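S.K.: Just to be clear, the model below is a prediction. Sequence and coordinates:
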Amino acid sequence: MTDRRNSTAVVAKRRTDTPIETDEIRALCEAAGVEVVAERTQARPRDPTYDFGDGAVADIADLVERRDADLVVVDDHLDPGRAYNLEAAVGAEVVDRARLVLDIFGERAETKRARLEVRLAELRYELPRAQARVERGETQGRRGFQSGGERPAAQLRADYRQRIKDLREELDRLDDADDSVRAARRESGFDLVALAGYTNAGKSTLLRRLADDLSVDENDGHADRTDTAASRDRLFETLNTTTRRATVGDRRVLLTDTVGFVDDLPGWLVSSFRTTLAAAREADAVLLVVDATDDREEIRAKVETSLDELADADGALVPVLNKRDEADDLNGKRRLVADRTDAAPVVTSATEDEGLDALRDRLTGALPDRERVSLSVPNTDDGNGFLSWCHDHGTVHDPEYGDRIEFDFEARPEVAAKAEGRAETVTD
């Protein structure tokens, strides 16, 4: 990770068609602590040498010199050759979109898992660039790339691949631990719900509105140190997953806020964060939060990308059209989301506390069916202790007290089966 805070940059973007928007790349720069001092856009096919045409390259170089910019931030994914050529031509460090996103991720990574995932993505990003440096003969004097007669390029590839393999194995061990945590939470009677969607859609604010006071951290199982989930208006506020307890109807739920999706990220970068996204893919239900202030085309593209990322999700998907208080054309946007997700969205404003009761009702209906069993235990200390356990793990219906305690118990099927087994062991 490179700390680029307090750097200045010229933003450069090339697309085949117009108009060419730079709002998002500017927001990414702001999230990285980079001040944008100028921009240059160009509408043309990709140039094989610089990505941009010669005229645009000359303009960028002039802007770098006149504005004394530290960086050129290119809103595209540059291969090593184009990045090297452009850097030499403009006289400043060139940072492409993927590198900028990695820098932001690195700054926001607070847990072991997040740091490992960032490092894995960085190694995948760096490998082809390091290979290009070797091919240009830039390894003179660098330690660790020449021994035993092996070619530097082969050594470098082996070194990077081993480090990537080691990181994957460590993340796999964390995955196994997370699977055990999720299983334990379900056995304790919790339904698991994830909030997914693009950055700045309002997921963290929605989490805070839906949650009870108690919270747990998905990453380490300890209580959150803050009173509320982060909900400031900046990209990638949520990189580390945050989990909070909530009550939905008579269901006990654990809500997890996941890392926000971002447009136009390469597949290798997204796959590096697979364990973070697993919280959404393996939940019992997913709230897909959509920003109602986006225009229809943005909503269409973002929903389709989100659905691709959640294609193998286990749970039911509930679309949520958030920020209704700031949006226009709500009916048209509602129809668009319904058409793309095959489900009518719940329209909410998390900041104004609007539509949340309707959302709770929809979420209750989306959660897995529960099983209802009739139980009978002696009216003893052990029997009352078992009844308390049932209250903690599901819903107790119509208890009747006599020599025995008779009641119906409703819970997740695995919890109901466990209750039946425990009831048989409660003695007079």
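M.R.: Thanks, I have the structure now. Numbering: from 1, shown residues only.
S.K.: So Arg14: helix, strand or coil?
M.R.: The assignment at Arg14 comes out as strand when based on DSSP: H, G, I helix; E, B strand; the rest coil.
S.K.: what residues go with each domain of this structure?
M.R.: 8-104, 110-182, 189-366, 371-425 (automatic domain parsing).
S.K.: Now tabulate these in a markdown table and tack on distance to Thr2, mean neighbour count and mean pLDDT.
M.R.: All C-beta atoms are positioned from the backbone trio N, CA, C, and that covers glycine. As requested, the domains of the chain are exported to a markdown table (distance: least, CB to CB, whole Å; neighbours: other CB atoms under 10 Å; pLDDT from 0 to 100):
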| stretch | distance to Thr2 | mean neighbour count | mean pLDDT |
| --- | --- | --- | --- |
| domain 8-104 | 6 | 19 | 94 |
| domain 110-182 | 10 | 15 | 78 |
| domain 189-366 | 16 | 19 | 81 |
| domain 371-425 | 46 | 16 | 94 |
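S.K.: for Arg5, what are its contacts?
M.R.: By CB atoms under 8 Å, 6 or more residues apart in numbering, the contact set of Arg5 is 32-34.
S.K.: Looking at this structure, which helix is longest?
M.R.: With secondary structure taken from DSSP state H, the chain has its longest helix at helix 152-187.
S.K.: so what secondary structure elements neighbour that one?
M.R.: Helices and strands touching helix 152-187, by 3 or more CB pairs under 8 Å, 6 or more residues apart in numbering; DSSP states H and E, are helix 112-135, strand 191-197, helix 274-281, helix 413-425.
S.K.: Can you add distance to Val181 and give those back as TSV?
M.R.: Formatted as TSV, those follow (distance: least, CB to CB, whole Å):
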stretch	distance to Val181
helix 112-135	12
strand 191-197	10
helix 274-281	11
helix 413-425	15
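S.K.: Nearest to Arg99, out of those?
M.R.: Proximity to Arg99 (CB to CB) singles out helix 112-135 among the helices and strands packed on helix 152-187, at 6.6 Å.
S.K.: Give me the angle between that closest one and helix 152-187.
M.R.: 170 degrees (axes from the mean of the first three to the mean of the last three CA atoms, to 10 degrees).
S.K.: Can I get helix 112-135 in CSV? Just the C-alpha atoms.
M.R.: Extracted as CSV, the C-alpha positions of helix 112-135 are listed here (Å, rounded to 0.1, in the frame of the first residue of the first chain):
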residue,chain,number,x,y,z
LYS,A,112,-6.3,-9.4,9.7
ARG,A,113,-8.6,-10.7,7.0
ALA,A,114,-8.9,-7.3,5.3
ARG,A,115,-5.2,-6.8,5.4
LEU,A,116,-4.5,-10.2,3.9
GLU,A,117,-7.0,-9.6,1.2
VAL,A,118,-5.5,-6.3,0.3
ARG,A,119,-2.0,-7.8,0.2
LEU,A,120,-3.2,-10.6,-2.0
ALA,A,121,-4.8,-8.1,-4.5
GLU,A,122,-1.6,-6.1,-4.4
LEU,A,123,0.6,-9.1,-5.3
ARG,A,124,-1.7,-9.9,-8.2
TYR,A,125,-1.5,-6.3,-9.4
GLU,A,126,2.3,-6.1,-8.9
LEU,A,127,3.3,-9.4,-10.6
PRO,A,128,2.9,-8.4,-14.3
ARG,A,129,4.5,-5.0,-13.5
ALA,A,130,7.4,-6.6,-11.8
GLN,A,131,7.8,-9.0,-14.7
ALA,A,132,7.8,-6.0,-17.1
ARG,A,133,10.6,-4.3,-15.1
VAL,A,134,12.7,-7.5,-15.3
GLU,A,135,12.2,-7.6,-19.0
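S.K.: Check which helices and strands it sits against.
M.R.: helix 80-90, helix 97-108, helix 152-187, helix 267-272, helix 274-281.
S.K.: quick one, which of these is nearest to Arg136?
M.R.: helix 80-90 (7.6 Å).
S.K.: can you list contacts of that closest one?
M.R.: 47-52, 57, 60-61, 64, 72, 74, 78, 93-94, 96, 128-129, 131-132, 136.
S.K.: Take these and keep only those in strands.
M.R.: 72, 74, 93-94, 96 (DSSP state E).
S.K.: Let's have the residues you listed in CSV, adding distance to Leu307.
M.R.: Below are the ones in strands among the contacts of helix 80-90 laid out as CSV (distance: CB to CB, whole Å):
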residue, distance to Leu307
Val72, 34
Val74, 29
Glu93, 36
Val94, 33
Asp96, 27
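S.K.: of those residues, closest to His393?
M.R.: Distances from His393 to the ones in strands among the contacts of helix 80-90, taken by CB to CB, are shortest for Asp96, at 50.3 Å.
S.K.: That closest one against His77, yeah?
M.R.: Yes - in this structure, Asp96 is within contact of His77 by CB atoms under 8 Å, at 5.7 Å.
S.K.: which residue packs closest to Asp361, ignoring adjacent ones?
M.R.: With CB to CB, 6 or more residues apart in numbering as the criterion, Asp361 has its nearest non-adjacent residue at 7.6 Å, and that residue is Gly249.
S.K.: give the contact list for the one you found.
M.R.: 360-361, 364.
S.K.: do the same with Gln131
M.R.: 80, 153, 156-157.
S.K.: That one and Glu87: what is the separation?
M.R.: 17 Å (CB to CB, to the nearest Å).
S.K.: before we move on, what about Gly137?
M.R.: Counting by CB to CB, the gap from Gly137 to Glu87 is 17 Å.
S.K.: do the same with Phe261
M.R.: 29 Å.
S.K.: May I ask you to confirm that Ala69 is in contact with Leu63?
M.R.: Yes - if you go by CB under 8 Å, Ala69 and Leu63 touch, sitting 6.8 Å apart.
S.K.: overlap in contacts of the two?
M.R.: 10, 37-38.
S.K.: Between the residues you listed, which sits nearest Arg245?
M.R.: Val37 (45.9 Å).
S.K.: Doesn't the closest one belong to a strand?
M.R.: Yes - according to three-state DSSP, Val37 belongs to a strand.
S.K.: That one contacts Leu71, correct?
M.R.: No - here Val37 lies out of contact with Leu71, judged by CB under 8 Å, at a distance of 9.9 Å.
S.K.: Between those two, which contacts overlap?
M.R.: Applying CB under 8 Å, 6+ apart, one finds that Val37 and Leu71 are jointly contacted by 8-10.
S.K.: Can you add secondary structure and give the residues you listed back as JSON lines?
M.R.: JSON lines is the format used below for those (three-state DSSP):
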{"residue": "Thr8", "secondary structure": "strand"}
{"residue": "Ala9", "secondary structure": "strand"}
{"residue": "Val10", "secondary structure": "strand"}
